[in-house]
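Chemist: Got a sequence here, can you model it:
(2 chains)
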Amino acid sequence: MNGFVGTILAVNPVPWARGQMAFTLAVHIILVPLGVSWAALALIANYRGIRRNDKDAMLLAERWSNYMAVTFAVGAVTGTVLTFEFGLLWPRFMGQWGEAFGVPFAFEGIFFFTEAIFLSIYIFGWRRLKPWAHFWTGVPVVFTGILGSASVVAANAWMNDPSGFTLNSAGEVVAVDPWKVIFNDAMPLMSLHMIIAAYVVGGFLVASVYAFAMLRGRRDRYHRVGFLIAFTVGAIAIPIQMGVGDSLARWVYNNQPTKFAAIEMVANTESDVPEVLFGHLNSDGTVTGGIPIPGLASWLSDPATGKGTVIQGLNAVPANTRPTIAQVNVVHLSWDIMIGLGTLLMLLAIWYAACWIFRRDMPRSKLFLRIASCAGVAAIVAMEAGWVVSEVGRQPWMVYNLMTVEESATANTGIWVMSVLVGVLYIGLAITTVLILRKMSRRFRERGNGAHDVPYGPSEPPDTEPCAAAPTDDAEPAEDVEAPV
Amino acid sequence: MATAVALVLFLAITAYAVFGGADFGAGFWDLVAGGARRGDRPREIIDQSIAPVWEANHVWLIFIFVVLWSGFSEAYASITLTLFVPLAIAALGIVLRGSSFAFRKTVFTTRDRRNFGAAFAISSVIVPYCMGACAGAVASGRVPTGGVAGDPVHSWINPTSILGGVLAVLVCAYVAAVYLVWDSRRLGDTVMADYFRRRAVVAAVVTGIVLVVGIFVLHADAPYVFDGLASRALPLVILSGICGAASLILLVRNAAHYARALAVGAVASVIIGWGVAQWPYMLPTSLKVADAAAPSGTLSTLVVATVMLVLIVVPGFALLYHLDQRSLLPEEGID
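Modeler: Numbering: from 1, shown residues only, chains lettered A, B, ... in the order given. The predicted model follows:
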């Protein structure tokens, strides 16, 4: 930077770059599950709607796809910001590693393309396409959503387990094995963990909206079906997620011992390590507070050797190659939050499953609905916490053991301006998105579930078409803006 | 193989310009459509024209970035390092534009529609300007390589960048107007077809004038690219001129059918011509394509991805546009 602006406003870019990346990713990661799993929920409802001629399910599918139009648009643009940020915030990282790190994104691009195309067809095809043809246009959205997330997480996994490249003596990438870049050792479990997280979050989040509506007294069949489809998906996903998460934790234990030491707050290498719920690591390596469960961390790390399992401590590596004490505490707290909320969701799913098995019905108690109406937020918090564990636990590395975050960041001292603008814009965006979705929901409710809502109706006379829609050549002109002009 | 990937990059930029560009241009016409009552019908046509396709078109930008950072990571790092300001503005503009457009469709009060519409329309002009300015910065050799940032201000506020930015906005507006003529006819609105036809003619004429001025700007400010345009890329420049002139004549004579294809041809040959003109450089005149290129493993991955693009995405696009053009994607569900 030069000139007046540069000299006055020069601020160390690293914390700003880090904060901005974390913030924009934290927002984007909430929208991702909706893009990935909501389409699947809509298709389940759509299938039910056509197969069993279930009008409620059909209406749900249609409205969900309407909400999705909004969340997908916001997800697409916030995702685009990330592609700018790779270069704007981390030019040295991209210049050095783009050739390897970028590889999975080539396929992510293809999948995202396909997802966007078919989602558009699905969202806009309700009225004029034939029922099953329309249903099948939604199917690619589900698969490309899964494959797209797998590709993006492959890039993130590569940062944890950089592989598939050859460096020359100057440290430049001179050969790339794309297969090994994509299918690095960390990729299968990390991708699976994120994809299932998308279903956990999508399922519980959508279900929580209908649980809330049922608590408000809207206990009609429409709300019940909406709840059942979404909650069942979440309830099936959560036990799988616990299993995958357990395997992933063991992978971290074996391959990223420093991250694992941060998760378990282990300062010095030892066996018989307790699992401390909450608590705090001090700079002298002692742990205060929290509830220790003797030997559990060791036992979980490798049940074969039980409490005798040795866990490598933070002090086993030099201080500048491991997370700081503050970062360790963030990682550990996030870990506890993720596991804690995941377990609660699991118990809720068991409650639900038990009722189905014994009574062939969902739990009727208000308590269940109250907890279920919080399950969506809980799932989001658990996912964000898990992501914090993965990212903060890798500190100070951008590319594990090869390049630090400090070395990756831009030297541009003016980026804080962009960070502030992004912060303001995203907060506005988040508030508006929620308001818009609520407004849509209110409008749907006011309109009721009546006869107007007939999809696949090519013979609908044009005068029943709502605003901003002139589907036929002889459709009505201008005056259909509802409000007084 | 580096050449092939560079070609893919410029073809992707072309695709973004003729598809995504038209969506930006539609935002430009939205911006100048006038007050709530007068601009209501044009805005409605614009809404219906771009709503089903803009997200898919937008992915071209992501594909461009991916090819750039995987295939030519040094160029990507240099561009983002130097052109931080216009790229940051473009990123924010894209967020504002996409979300406002999606939001506008869901609100019905005039005040809300106006606010979201304004955000959508203004950012639809700012974003292509910034991107054109970045292209101008690259073309005029203001993006140095080697991990040092170029001038943070003059790299994108200079004659070639201003030319690039203005041209980008104009070209988007021109292409969009030509498409909107077509879409208005498809929707059976001859009044609007004529409305957009007149605007397409104006945009074409203004673009032509700016291009003539641009010749002098490039001569003075971007000599390497100017020389390339006057020699290697001359056939493409001439082709672009012929396509542009022919589409203008057809528009004036109210024969918009082929005007669309010719307009696309004019834009495509300009962009490919730019690529040919700065050959063999990625960043004239400091970074050659061959030197910037990633190892062969990465390049072959990009070629594989491009083949997948042709086999999967292009038919998908064809289906989307086919359904859209047959008015089978009229609206979002039952809303």
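
Chemist: what residue ranges in chain A are flagged as low confidence?
Modeler: For chain A, the stretches flagged by pLDDT under 70 are A:1-9, A:448-485.

Chemist: Repeat the analysis, applying 50 as the threshold.
Modeler: A:1-2, A:450-454, A:457-485 (pLDDT under 50).

Chemist: Could you pull out the strands in it for me?
Modeler: Assigned by DSSP state E, the strands in chain A fall at A:165-167, A:173-176, A:275-277, A:280-281, A:287-288, A:291-293, A:397-399, A:403-404.

Chemist: Chain B is nearest to which of these?
Modeler: Closest to chain B of these, according to C-beta to the nearest C-beta: strand A:173-176, at 3.5 Å. Quick note: C-beta positions are derived from backbone N, CA and C, even for glycine.

Chemist: quick one: buried residues of that closest one?
Modeler: Neighbour counts over strand A:173-176 (16 or more other C-beta atoms under 10 Å in any protein chain shown) mark A:Val173, A:Ala175, A:Val176 as buried.

Chemist: three-state assignment of B:Gly188?
Modeler: The three-state assignment at B:Gly188 reads coil, by DSSP: H, G, I helix; E, B strand; the rest coil.

Chemist: before we move on, back to that, of the strands of chain A, which approaches A:Phe112 most closely?
Modeler: Taking C-beta to C-beta, strand A:173-176 is the member of the strands of chain A nearest to A:Phe112, at 22.0 Å.

Chemist: helices and strands around that closest one, which ones?
Modeler: Helices and strands touching strand A:173-176, by 3 or more C-beta pairs under 8 Å, 6 or more residues apart in numbering or on different chains; DSSP states H and E, are helix A:91-101, strand A:165-167, helix B:296-308.

Chemist: that older thread, buried deepest among the strands of chain A, which one?
Modeler: Of all those, strand A:397-399 has the most neighbours on average by mean count of other C-beta atoms under 10 Å in any protein chain shown, namely a mean of 22.

Chemist: I'd like to know how many residues surround the nearest residue to A:Ser271 once chain neighbours are set aside.
Modeler: Distance criterion C-beta to C-beta, 6 or more residues apart in numbering or on different chains; nearest residue to A:Ser271, sequence neighbours excluded, is A:Val310 at 4.7 Å. For A:Val310, the neighbour count with other C-beta atoms under 10 Å in any protein chain shown is 15.

Chemist: just B:Pro152 next, same as before
Modeler: 20.

Chemist: Shouldn't it be within a strand?
Modeler: No: under three-state DSSP, B:Pro152 falls outside any strand and is assigned coil.

Chemist: roughly how far apart are it and chain A?
Modeler: Remark: distance between B:Pro152 and chain A (C-beta to the nearest C-beta, to the nearest Å) = 6 Å.

Chemist: looking at it, that residue is touching A:Gly414, isn't it?
Modeler: Yes: using C-beta atoms under 8 Å, B:Pro152 is in contact with A:Gly414, at 7.5 Å.

Chemist: and residue 76, what does it touch?
Modeler: If you meant another chain, say so; for now it's chain A. Counting by C-beta atoms under 8 Å, 6 or more residues apart in numbering or on different chains, A:Ala76 makes contact with A:Ala116, B:Glu55, B:His58, B:Val59, B:Gly98.

Chemist: Actually, chain B is the one I wanted.
Modeler: For B:Tyr76, the contact set (C-beta under 8 Å, 6+ apart) comprises A:Gly87, A:Met94, A:Gly95, A:Gly98, B:Phe65, B:Leu68, B:Trp69.

Chemist: can you redo those as TSV with distance to B:Ile249?
Modeler: Shown next, in TSV, are the contacts of B:Tyr76 (distance: C-beta to C-beta, whole Å):
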residue	distance to B:Ile249
A:Gly87	42
A:Met94	46
A:Gly95	48
A:Gly98	45
B:Phe65	37
B:Leu68	37
B:Trp69	42
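
Chemist: any idea which of the residues you listed is closest to B:Val213?
Modeler: Relative to B:Val213, the closest of the contacts of B:Tyr76 is B:Leu68; by C-beta to C-beta it sits at 29.3 Å.

Chemist: Secondary structure element for the closest one, which one?
Modeler: According to DSSP states H and E, B:Leu68 maps onto helix B:54-71.

Chemist: ok, that helix near chain A or not?
Modeler: Yes: using C-beta under 8 Å from any C-beta of the partner chain, helix B:54-71 reaches chain A at B:55-56, B:58-59, B:61-63, B:65-67, B:69-71.

Chemist: these two touch, right, A:Ala197 and A:Gly386?
Modeler: Yes: at 7.0 Å, A:Ala197 counts as touching A:Gly386 under the criterion of C-beta under 8 Å.

Chemist: And these two? Which one has more around it.
Modeler: Legend: neighbour count by other C-beta under 10 Å for A:Ala197 and A:Gly386, higher for A:Ala197 (30 against 24).

Chemist: residues contacting the more buried one?
Modeler: A:Pro33, A:Gln241, A:Met383, A:Gly386.

Chemist: now swap in A:Gly79 and tell me
Modeler: Applying C-beta under 8 Å, 6+ apart to A:Gly79 gives the contacts A:His28, A:Phe112, B:Ile62.
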